[in-house]
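Trainee: Following is a predicted model, sequence given first.
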Amino acid sequence: MKKHSITVLLILLTTSLTFGQDKVSIEDFAWLSGHWIGDGFGGVSEEIWGEPMAGTMVGLFRHLNDGKPNFAEFFQINEEGDSIRFRLKHFNPDMTGWETKEDYVEFPFISVEPGKAVFKGLTYELVSENQMVVTLKLRNKERQWEEVFTFNRSEPFPKASGD
């Protein structure tokens, strides 16, 4: 009887915490938009995020080691029902993919608040107007670790002549 009461209490508590919350929207991630330059994996990292549009945001990641391309990613955050999906694909410098044509890496959505987005294994956090910290949880057969990237907002790209 005690276990049943605790289970019911937990269900009610969880329901009361989530009831009435606004639906998550792609607009909740608009603060990611822009051009970011930082570190990570012992080299230079760059992320470029487009503005939210039609329920989705797309982005690019580029990593350089010793001034040479190491790998790149294409990723998207999109609305799906009442939640959000974050998916990405990796590419070698010659554009060959790491994942098969149909596969991708997904980070399940956990939460979002102004300046912070949490996915399982990946967190984006705005620490100031122009600085963002990204924490990526990694593991292999031998160990688990976190890779921390510190990005600074870069100036917008210059306009092409004649604009």
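Mentor: Received, thanks.

Trainee: after the helix or strand bottoming out on mean pLDDT in the chain comes which helix or strand?
Mentor: Every helix and strand of the chain was ranked by mean pLDDT, DSSP states H and E. The lowest is helix 2-18, at a mean of 38. Following helix 2-18 in sequence order, the next helix or strand is strand 34-38 (DSSP states H and E).

Trainee: Show me which residues of that following strand are buried.
Mentor: G34, H35, W36, G38 (16 or more other Cβ atoms under 10 Å). All C-beta spots, glycine's among them, are computed from the backbone N, C-alpha and C.

Trainee: In the sheet, which residues pair with the residue lying closest to W36 once chain neighbours are set aside? Tell me.
Mentor: Counting by Cβ to Cβ, 6 or more residues apart in numbering, the nearest residue to W36 once its immediate chain neighbours are dropped is F151, at 3.8 Å. Beta-bridge pairing of F151 under DSSP bridges involves G38, M132.

Trainee: ok, now which ones touch F151?
Mentor: The contact partners of F151, by Cβ atoms under 8 Å, 6 or more residues apart in numbering, come to W36, I37, G38, S45, E47, Q131, M132, V133, V134.

Trainee: go with 6 Å
Mentor: W36, G38, M132 (Cβ atoms under 6 Å, 6 or more residues apart in numbering).

Trainee: could you dump those to JSON lines with pLDDT and distance to G81?
Mentor: Shown next, in JSON lines, are these (pLDDT from 0 to 100; distance: Cβ to Cβ, whole Å):
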{"residue": "W36", "pLDDT": "97", "distance to G81": "29"}
{"residue": "G38", "pLDDT": "95", "distance to G81": "33"}
{"residue": "M132", "pLDDT": "97", "distance to G81": "27"}
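
Trainee: Pick the one among these closest to V24.
Mentor: M132 (19.6 Å; Cβ to Cβ).

Trainee: Neighbours of that closest one, how many?
Mentor: 24 (other Cβ atoms under 10 Å).

Trainee: I am finished for the moment; much appreciated.
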